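Undergrad: A predicted structure for the sequence below; I have some questions about it.
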Amino acid sequence: MTLQFLPNHDTMNLKNGEGVTGIKHLANGITASRFVFAALVLYTKPFSPLFWVWYLCGGISDLLDGPVARWLGQPSETGAKLDSAADFLFVLCVGIAVVRRTVFPVWVLICVGVIALVRLAAYGVGYFKYRTFSALHTLLNKAVGILLFTFPVLYRLFNISATFGIVCGVAFVSAVEELILTIRSKELDCNRKSLFQFFHVGVGCHRRRGA
């Protein structure tokens with residue numbers, strides 16, 4: 001039996017999303033699967049074996065879509081927006097699934113309310129200045145995303161006070177940082193990493209004010 005390997009130019013075509021129908025949509029397909037897993041998590045009993053299956057599948061899809069898009073040479077603004085929407089919905093559904101079976105201390109509800117107000121203030125200032133949604137991909141915001149995603153695991157490992165203390169603490173600091181960056185920046189740079197980068201490097205130029 002003879003094995004036949006693809007020539008180099010065919011391999012390059014695959015990497016560029018050519019030669020196989022639909023492969024150019026592979027990364028977005030992986031991202032879109034997270035919407036399905038979000039719905040499955042929402043309608044599955046929290047912390048049941050099936051819940052953890054859908055939860056892990058959603059996490060794996062989040063780990064794969066970015067590298068696949070870069071490997072195919074097809075990162076795009078549409079893909080980035082789809083990824084953000086999928087992340088938001090997945091975390092929201094996981095949170096709802098866990099929250100509806102949990103009794104929260106009053107201080108947790110107060111913290112969540114304060115954080116939400118600071119976030120809304122940052123987005124409001126950003127829209128007023130740049131006429132677009134201005135969520136920043138700071139390191140702290142990414143840390144909050146990781147904490148929110150791992151919330152069910154943390155909740156099972158620690159008590160409710162410790163879990164929410166960690167998540168709310170980091171979320172509050174990241175929200176305040178984003179508000180300060182949005183107020184101080186003359187131009188929108190969604191990839192601004194932190195206040196330290198802002199003060200040491202200066203303001204980036206991804207979207208001009210009023211554009």
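TA: On my side now, so go ahead.
Undergrad: report the contact partners of the residue nearest to the spatial centre of the chain.
TA: Centroid check for the chain by CA atoms, centre = their mean gives Asp87 as the closest residue, at 4.3 Å. Contact partners of Asp87, counting by CB atoms under 8 Å, 6 or more residues apart in numbering, are Arg34, Asp62, Gly145. C-beta: built from backbone N, CA, C; applies to glycine.
Undergrad: ok, now His137?
TA: Cys190, Asn191, Arg192, Lys193.
Undergrad: just Leu148 next, same as before
TA: By CB under 8 Å, 6+ apart, Leu148 lies in contact with Val91, Val94, Gly95, Val167.
Undergrad: lowest average confidence, helix or strand, in this protein?
TA: When the helices and strands of the chain are compared on mean pLDDT, DSSP states H and E, helix 8-15 comes out lowest with a mean of 48.
Undergrad: mind checking what helix or strand follows that one in sequence?
TA: Downstream of helix 8-15, the next assigned helix or strand under DSSP states H and E is helix 26-42.
Undergrad: Ala143 and Glu178: what is the separation?
TA: Per CB to CB, to the nearest Å, Ala143 is found 12 Å from Glu178.
Undergrad: which of these two has more neighbours?
TA: Per other CB atoms under 10 Å, whichever of Ala143 and Glu178 has more neighbours is Glu178, with 25 against 14.
Undergrad: report the distance from the strand or helix carrying the more buried one to the chain centre.
TA: Secondary structure from DSSP H and E places Glu178 in helix 160-184. On the basis of CA atoms, centre = their mean, to the nearest Å, helix 160-184 sits 15 Å off its chain's mean C-alpha point.
Undergrad: next: stretch 178-190.
TA: Relative to its chain's centre, stretch 178-190 lies at 19 Å (CA atoms, centre = their mean).
Undergrad: okay, buried residues for that stretch please.
TA: Within stretch 178-190, the residues that count as buried by 16 or more other CB atoms under 10 Å are Glu178, Leu179, Leu181, Thr182, Ser185, Leu188, Asp189, Cys190.
Undergrad: now the first one, nearest residue through space, not along the chain?
TA: It stands for Glu178. Nearest residue to Glu178 in three dimensions, chain neighbours excluded: Ala122, at 4.6 Å (CB to CB, 6 or more residues apart in numbering).
Undergrad: that neighbour against Ser174, yeah?
TA: No. Using CB atoms under 8 Å as the test, Ala122 is too far from Ser174 to be in contact (10.0 Å).
Undergrad: report the rounded mean pLDDT for the host helix or strand of the residue nearest to the centre of the chain.
TA: Using DSSP H and E, Asp87 sits in helix 77-99. Helix 77-99 carries an average pLDDT of 83.
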